[in-house]
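Undergrad: Sequence below, structure please.
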Amino acid sequence: MEGNRLGDLEPGTRQRAQLRSRVADISWTALCVVLALWAVWSAVGVARGATAWAYCAVAWVLLATALALRAAAVRRRNSV
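TA: All right, here's what the predicted structure looks like:
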């Protein structure tokens with residue numbers, strides 16, 4: 001009977017159904033962390049006198065956009 005058991009990620013298991021949302025969570029988290037580090041790093045550079053205002057602005061806009069999309073995705077997933 002041990003040979004007939006489904007593996008953790010076989011179609012039809014709960015783990016398989018949750019896999020897509022878990023991978024999406026990990027991807028969104030990684031993206032937000034990278035964007036946050038870039039935004040803070042560029043803001044520190046601007047505060048120290050660097051002339052990279054455009055990079056700083058782009059980093060903060062991308063971070064805000066990613067966080068807004070992430071929040072919308074979580075709300076949409078929880079409403080289903």
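Undergrad: just how off-centre is the helix or strand containing Ala72 within its chain?
TA: Assigned by DSSP states H and E, Ala72 belongs to helix 53-79. Mean C-alpha position of helix 53-79 versus that of the full chain (Cα atoms, centre = their mean, to the nearest Å) differs by 9 Å.
Undergrad: Kindly report the same for stretch 37-46.
TA: With Cα atoms, centre = their mean, you get 19 Å for stretch 37-46.
Undergrad: buried residues in that stretch?
TA: Buried positions in stretch 37-46, judged by neighbour count with 16 or more other Cβ atoms under 10 Å: Trp38, Ala39, Ser42, Ala43. For glycine as for every other residue, the C-beta is placed from the backbone atoms N, C-alpha and C.
Undergrad: Select from these every entry located in helices.
TA: Trp38, Ala39, Ser42, Ala43 (DSSP state H).
Undergrad: Pull out the buried residues from the helix holding Ala72.
TA: So for helix 53-79, counting by 16+ other Cβ under 10 Å, buried means Tyr55, Cys56, Ala59, Trp60, Leu62, Leu63, Ala66, Arg70.
Undergrad: Could I get the phi/psi values of the spatially most central residue of the chain?
TA: Note on the chain: the residue nearest the mean C-alpha position is Trp28, at 0.9 Å, using Cα atoms, centre = their mean. Main-chain torsions, Trp28, degrees, to the nearest 10: phi -60, psi -40.
Undergrad: How about Val23?
TA: Torsion angles, degrees, to the nearest 10, at Val23: phi -60, psi -40.
Undergrad: pLDDT of stretch 10-24, averaged?
TA: Mean pLDDT, stretch 10-24: 83.
Undergrad: got the contact list for it?
TA: Leu6, Gly7, Asp8, Leu9, Ala73, Arg77 (Cβ atoms under 8 Å, 6 or more residues apart in numbering).
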